[in-house]
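Trainee: Provide a 3D model corresponding to the input given below.
(chains A and B)
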There are 2 protein chains.
Amino acid sequence: MDASAQRWKLTLAWDGAGFLGWQRQPQGLTIQQAVEDALSRILGGQAVTVTASGRTDTGVHAIAQIASFETTIRREPDAVVRGLNANLPQQIVCLHAERAPDGFDARRWTRRKLYRYRILSRPVRCPHRQGRVWHLRYRLDVAAMADAARRLMGSHDFSSFQASGCSAKHPDRTLESARVQQVDDEVHLEFVGNGFLRHQVRIMVGTLVDVGRGRATVSSVSTILTAADRTAAGQTAPAHGLWLVWVEVGDAPRRRQ
Amino acid sequence: MDASAQRWKLTLAWDGAGFLGWQRQPQGLTIQQAVEDALSRILGGQAVTVTASGRTDTGVHAIAQIASFETTIRREPDAVVRGLNANLPQQIVCLHAERAPDGFDARRWTRRKLYRYRILSRPVRCPHRQGRVWHLRYRLDVAAMADAARRLMGSHDFSSFQASGCSAKHPDRTLESARVQQVDDEVHLEFVGNGFLRHQVRIMVGTLVDVGRGRATVSSVSTILTAADRTAAGQTAPAHGLWLVWVEVGDAPRRRQ
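Mentor: Numbers count the residues shown, from 1 in each chain, chains lettered A, B, ... in the order given. Just a heads-up that it's a prediction; the model follows:
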């Protein structure tokens, strides 16, 4: 690390439609690339690498993602926010920027995060929430879904809820909370955890929807978890209903799981 | 009127981006044309004319507009809703359809309607509300705006708040209520009236924003109203922050003003 380099913490929000998720890809525009390009422009052309608390898939939205970077260029926090927002695409915004302690790394310092999955549960679609909710025309048994969700809480091998091709070193994760509630004409599924496998939230949602529409029993969720086999779980819910709501960072890197 | 014809009442919602407002235009797609085309397809090709409670401008959104039409073709209400939604563009939805009394006409039977104007008042934009709110970076004095809005209530000559080229027979309208309130990071301006002149709500909003940012006093609004001159009022707020929230229809045509 350059002795004169300073670390920064960014809070970012974005609409995921039109981006190939967080991580840089040769095939098209990603959030990471858009943020790094905008940062470079306001830092006199200096190249920067931006690290997020985790990767998000193509189409997933963020309300408050945390990211970190390092630069030797001196800037005031207000100037970073204004400069970024003047250079970012309209679908991405920097909500906040601040100097961070030495060694701050958004991925390694993250303690937990909250994902919310929004289902619009009613016969007709809503033109004002297109691309922001998963529209299901049938009724869902929210109480059964909430019961089933509680069975996913705790530390488990989540292999059944892991996308094939997931690069995680091991499939053990801790789901601190899993709530399902009706909010007006939407059903919200909220998951708090220290980390999630690839597609884990979306596969848990697809599985809980099977319970909600009566295609699977509440107790089947425990069986699926024990199976440690992706084919045991339900479908992967579409990305556009998934929202990263907040990220809690600690004051030091977290211990390796 | 064909003796065998039946009148219908529709409740419609739409995202106004991408449409040239309600009324049919030779230059491009309008809500009226999209709804009439979809209706015709589900009524065996029979041409229909759909009347809304009022016209809305290009870009204005609707949460629950009321519209009427007449047809000799017999259909169940559920089939009308399903058929319309299968044939409408994704940005328009039919929320409800029911048979209406003889002579029902959405324009002439409308008693009052509520328009809401949404201002996002904070330094940074929000990617999730793009095209749905008017983003103003400065702070607004909401109490002063609410005071000023109350001065617009009642029956007045609203010429100062009328777009040039408005085809209304006379400029007298009754504003039943005018509220301004902070709702999280948004300022909502809500207006209830029996009818509105062209751009009236948007010009009232532009004028109240001048008050909110300290460019005009609360009492100036009364002066502007008395002037009966469009150039006395503020700018026309952009269409994309305007929402038609609800329409109240009576059980007979309303008397001519």
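Trainee: quick one: A:His240 is in a helix?
Mentor: Yes - counting by DSSP: H, G, I helix; E, B strand; the rest coil, A:His240 is found in a helix.
Trainee: Just confirm it contacts A:Gly131, I think it does.
Mentor: Yes - using C-beta atoms under 8 Å, A:His240 is in contact with A:Gly131, at 5.1 Å. For the C-beta atoms, the positions are set from N, CA and C on the backbone; glycine is no exception.
Trainee: neighbour-wise, which of these two wins?
Mentor: Each of A:His240 and A:Gly131 has its neighbours counted (other C-beta atoms under 10 Å in any protein chain shown); A:His240 has more, 20 against 14.
Trainee: and the more buried one, what does it touch?
Mentor: A:16-17, A:59-61, A:131-134 (C-beta atoms under 8 Å, 6 or more residues apart in numbering or on different chains).
Trainee: can you list the residues you listed in CSV and add distance to A:Gln90, secondary structure and pLDDT?
Mentor: CSV is the format used below for these (distance: C-beta to C-beta, whole Å; DSSP: H, G, I helix; E, B strand; the rest coil; pLDDT from 0 to 100):
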residue, distance to A:Gln90, secondary structure, pLDDT
A:Gly16, 13, coil, 96
A:Ala17, 12, coil, 95
A:Gly59, 17, coil, 95
A:Val60, 18, coil, 97
A:His61, 14, strand, 98
A:Gly131, 15, coil, 95
A:Arg132, 16, coil, 97
A:Val133, 21, coil, 98
A:Trp134, 24, strand, 98
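Trainee: could you redo these as CSV and give each row distance to B:Lys169?
Mentor: Shown next, in CSV, are the contacts of A:His240 (distance: C-beta to C-beta, whole Å):
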residue, distance to B:Lys169
A:Gly16, 49
A:Ala17, 45
A:Gly59, 50
A:Val60, 53
A:His61, 47
A:Gly131, 42
A:Arg132, 42
A:Val133, 43
A:Trp134, 48
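Trainee: If we check chain B, which of those are in contact?
Mentor: A:61, A:132 (C-beta under 8 Å from any C-beta of the partner chain).
Trainee: Neighbour count says what about the contacts of A:His240? Which are buried?
Mentor: For the contacts of A:His240, a neighbour count by 16 or more other C-beta atoms under 10 Å in any protein chain shown gives the buried set as A:16-17, A:59-61, A:132-134.
Trainee: neighbouring contacts of stretch A:167-182?
Mentor: With contact meaning C-beta under 8 Å, 6+ apart, stretch A:167-182 is reached by A:112, A:142, A:145-146, A:149-150, A:152-159, A:162, A:187-198, A:200, A:204, A:208, A:228, A:257.
Trainee: Now go through these and say which are in helices.
Mentor: A:142, A:145-146, A:149-150, A:200, A:204, A:208 (DSSP state H).
Trainee: For the residue nearest to A:Ile66 when sequence neighbours are not counted, list each beta-bridge partner.
Mentor: In space, and not counting its chain neighbours, A:Ile66 is closest to A:Val247: 4.3 Å by C-beta to C-beta, 6 or more residues apart in numbering or on different chains. Residues in a beta bridge with A:Val247, per DSSP bridges, are A:Lys113.
Trainee: What residues does chain A have near chain B?
Mentor: Counting by C-beta under 8 Å from any C-beta, chain A comes close to chain B at A:13-15, A:61, A:63, A:81, A:85, A:90-95, A:123-128, A:130, A:132.
Trainee: Give me the buried subset of those.
Mentor: Buried subset of the residues of chain A next to chain B (neighbour count, 16+ other C-beta under 10 Å): A:13-15, A:61, A:63, A:81, A:85, A:91-95, A:124-128, A:130, A:132.
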